[in-house]
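# Predicted coordinates and the sequence they were generated for:
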Amino acid sequence: ATAFGMAGEEIVRYLLHMWNYSMFVPLNPSSPFDLVIKNDDEWITIQVKHTRSVSVPLTREGKSNGARIKREYKKGDFDYLFACKFPYIYIVPWKDLKSHSCFSFSKYEKYRHDLTDSLTYTNKVILTKEENERTIN
């Protein structure tokens, strides 16, 4: 499962590289986001999920009193969800997520990009910071 999740992150990194975004990985492994990109003077946070299923849970693992727990994401944890289900990637802003506990691919067709289409790599998606979100210093 870990290698599969890492494959999704690598797909996202490659796509962001092709779009000429500067990328950074958070130093804290318990960060609620997987990547940070720089767009002009804005820092934008990205959460990556990768699955073969029809949906993916939007939860993160943590610990409470030594026990593993799963927590839902909350506003400010990330700006964009990049949900990978090859051969597609869905790029959804936090504000447009219909649920914060589960991502169902069928509800987000307008955010779908085909990874087998060469135009996906040349037609840059402009990622912007939403108002009143967390600022990364």
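Perfect, I can see it now.

# What strands line up against the helix or strand of the chain with the lowest mean pLDDT, and which way round?
For the chain, the helix or strand with the lowest mean confidence is strand 59-64, at a mean of 79 (criterion: mean pLDDT, DSSP states H and E). The pairing partners recorded for strand 59-64 under DSSP bridges are strand 67-72 (antiparallel).

# Please compute how far the strand it pairs with lies from its chain's middle.
Mean-position distance between strand 67-72 and its chain equals 19 Å (Cα atoms, centre = their mean, to the nearest Å).

# What is the subsequent helix or strand relative to that strand?
Once the chain leaves strand 67-72, the next helix or strand it forms, by DSSP states H and E, is strand 80-85.

# So which elements touch the helix or strand following that next one?
Following strand 80-85 in sequence order, the next helix or strand is strand 88-93 (DSSP H and E). Here strand 88-93 touches helix 2-18, strand 80-85, strand 112-114, going by 3 or more Cβ pairs under 8 Å, 6 or more residues apart in numbering; DSSP states H and E. (Each C-beta comes from the backbone N, C-alpha and C, glycine too.)

# which residue sits farthest out from the middle of the chain?
residue 65 (28.3 Å; Cα atoms, centre = their mean).

# Low-confidence stretches in this protein?
For the chain, applying pLDDT under 70 flags the ranges 1-5, 131-137.

# let's see 80
Scanning the chain with the threshold set as pLDDT under 80 gives 1-6, 29, 61-66, 130-137.

# quick one, longest strand in this structure?
If you go by DSSP state E, the chain has its longest strand at strand 42-50.

# Between strand 59-64 and it, find me the angle.
Interaxial angle, strand 42-50 versus strand 59-64 (axes from the mean of the first three to the mean of the last three Cα atoms, to 10 degrees): 90 degrees.
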